[in-house]
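Asker: mind folding the following:
(2 chains)
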Amino acid sequence: MAIDKNSNVFTFAFAGIMVTVVGAILAFLFISLKPLQVANDEDKKKMDIMGAIGFESGTEAGQVNRGNSGELFDKYVVERVSIDYNGNVVKTATGTIVSGDKTDPFNIDVQKEYRSKIKKVVKKNKRDPENLAVEMAAVETAYPLYVCEKDGQKLYVIPVSGTGLWGPIWGYVALKDDFRTISGAKFDHEGETPGLGAEIKESVFQDKFVGKTLNTGSEPLFEIVKGGTPNVKDYQVDGITGGTITSKGVGEMVDRTLKIYERYFKTL
Amino acid sequence: MSTETQALQEVKKESLFSKKNKKLVTDPLSDNNPITIQVLGICSALAITVQIQQALMMSLSVIFVLIGANVIVSMMRKIIPDRIRIIVQLIVVASLVIIVNEFLKAYAPDISERLSVFVGLIITNCIIMGRLEAFALGNKPGPAMMDAIGNGMGYAWILLVVAVVREIFGSGYINLEGLGLTKIQIFPQAFYEMGYMNNNLMILPPMALVVVGIIIWIQRSRNKALIEDH
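Answerer: Have a look, this model is predicted:
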């Protein structure tokens, strides 16, 4: 071979060509697989919402899975609402979800909105709840809400998003039509410690939320307390032993988010 | 254990299924197994062997990445500049891993979710970089592919055996829902009524190490040549 493969010019040229080729291949792959992945994410979202109103995931009858999540979602979700920080309705939608319609409450990516806009505000005002309220009001985003009807009862499913120990955590909390009783909750995480923080994903933890009522009159609206605390109040849930920071993250996101929706519920 | 550098002599016109090439496949399955003998890739063996479906998908992913990387690097071995060879290898492995990850996300979302970060961590699986450095850089694509198949299968069978043991005794069933199949109950309900309990310890990572240890024990007691002198 005439070219010296160890010369500087060749090394740089090789690196340049390689990066370009690999970049092109990956870009093509991302674009072609995107629609499938988006559809999967939507199914997952519907599954989680169904999970919050009491469906277990599985393939047996009466359980929710990727195959029937769309069908169940259409059957049980009667209305999709998005509200602003002050509880005013931004948009209501019913029927088929138009994918790509950014204003459809279903298409609001709560986790993304949290990551890009809310997270820094929450972090900055950790010890200053008053200023937090002021700055949160200034955040330009919409909060989606799913109104479901199951067994003749109205349930309000609220997406929550927050931060655990290692990364994002999120979930859905379903309230009964008194707007105070939690009828179900579903949480998930990106990379919490298996066996500790990751337990928020398990029904053992999620079942503890069922039947809890939100605090009236005083702060906080909802709270996660240290695992094993005696006399757990109605608005408190036992945290996971060894998963304190993840548990606290769950408490924080539920409390912060439900406060926003409470203003909307007062107008109903 | 020394990392063997097998620089096979490049003989022209050698059949892909010659004795030497077949040995490349069979060796890593037993006497030179990447997990039990070379003790590489242990991290993922501990982490994703709770369920068979995860172990299976992980194995397939690793085999795909290993074959792809070995063949591609082997084809480029004459033009890869020495000074950036590790970076080139990393780019090849990383792109293949991204491809696997994106395909899993699109076609097997449930499993992709379970495997979570471990697919990404295939990049750091020592087996892959080890084979690239030790074999692919010095051999033709054909033998490199055989070597990749051998090592990939060697990794896969250990993973699957560990997963079978852990899932059956830890959960009492084999869950294949992520693959579009059903959940198979192993122990009948009557067993549980008689007081049988699933061994929760099996679900925890340390038991994977114990199971791998038992495999190593069996392997070395059958082939005394594998036992090191101290």
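Asker: and the residue nearest in space to the middle of chain B, helix, strand or coil?
Answerer: The centroid of chain B falls nearest to B:Tyr155 when counting by Cα atoms, centre = their mean (2.8 Å). Three-state assignment for B:Tyr155 (DSSP: H, G, I helix; E, B strand; the rest coil): helix.
Asker: shouldn't it be in contact with B:Thr36?
Answerer: No. B:Tyr155 lies out of contact with B:Thr36 (Cβ atoms under 8 Å); the separation is 10.1 Å. Bear in mind the C-beta positions are built from the backbone N, C-alpha and C, glycine included.
Asker: name the residues contacting each of these two.
Answerer: Counting by Cβ atoms under 8 Å, 6 or more residues apart in numbering or on different chains, B:Tyr155 and B:Thr36 have no common neighbour.
Asker: scan chain A for its longest helix.
Answerer: Determined from DSSP state H, the single longest helix within chain A is helix A:8-52.
Asker: list the helices and strands it packs on?
Answerer: In terms of contacts (3 or more Cβ pairs under 8 Å, 6 or more residues apart in numbering or on different chains; DSSP states H and E), helix A:8-52 is packed against helix A:69-76, strand A:168-176, strand A:182-189, helix B:85-107, helix B:109-115.
Asker: go through those and name the closest to A:Val90.
Answerer: Smallest distance to A:Val90 across those (Cβ to Cβ): 19.4 Å, for strand A:168-176.
Asker: and the helices in chain B?
Answerer: Under DSSP H, chain B gives helices at B:19-26, B:42-47, B:52-76, B:85-107, B:109-115, B:117-120, B:126-134, B:141-171, B:189-193, B:205-222.
Asker: between those, which one is closest to A:Glu190.
Answerer: Of all those, helix B:117-120 comes closest under Cβ to Cβ, at 8.6 Å.
Asker: can I get that closest one as CSV, trimmed to CA atoms?
Answerer: The C-alpha atoms that make up helix B:117-120 are tabulated as CSV, following Å, rounded to 0.1, in the frame of the first residue of the first chain:
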residue,chain,number,x,y,z
VAL,B,117,-29.1,0.8,30.8
PHE,B,118,-27.6,-2.7,30.4
VAL,B,119,-27.9,-2.5,26.6
GLY,B,120,-25.9,0.7,26.6
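Asker: can you count the residues close to A:Ile158?
Answerer: Residues lying near A:Ile158 (other Cβ atoms under 10 Å in any protein chain shown) number 23.
Asker: helix/strand/coil for it?
Answerer: Reduced to three states by three-state DSSP, A:Ile158 is strand.
Asker: what is it paired to in the beta sheet?
Answerer: Note on A:Ile158: beta-bridge partners by DSSP bridges are A:Val173.
Asker: how about A:Lys259, nearest residue that isn't a chain neighbour?
Answerer: Once flanking residues are discounted, A:Lys259 sits nearest to A:Leu221: 5.6 Å by Cβ to Cβ, 6 or more residues apart in numbering or on different chains.
Asker: thought the one you found was touching A:Lys212?
Answerer: No. In this structure, A:Leu221 is not within contact of A:Lys212 by Cβ under 8 Å, at 11.0 Å.
Asker: per-residue pLDDT of residue 100, please?
Answerer: Since no chain was named, I'll use chain A. If you check A:Gly100, the pLDDT there is 74.
Asker: sorry, I should have been clearer: chain B.
Answerer: Reported pLDDT for B:Val100: 90.
Asker: before we move on, what about B:Leu104?
Answerer: We have a pLDDT of 87 for B:Leu104.
Asker: B:Asp110 is in contact with that one, correct?
Answerer: No. Using Cβ under 8 Å, B:Leu104 is not in contact with B:Asp110, being 9.7 Å away.
Asker: residues in contact with A:Lys150?
Answerer: Here A:Lys150 is in contact with A:Ile53, A:Gly54, A:Tyr76 (Cβ under 8 Å, 6+ apart).
Asker: which of these has the weakest pLDDT?
Answerer: Lowest confidence among the contacts of A:Lys150: A:Gly54, with 82.
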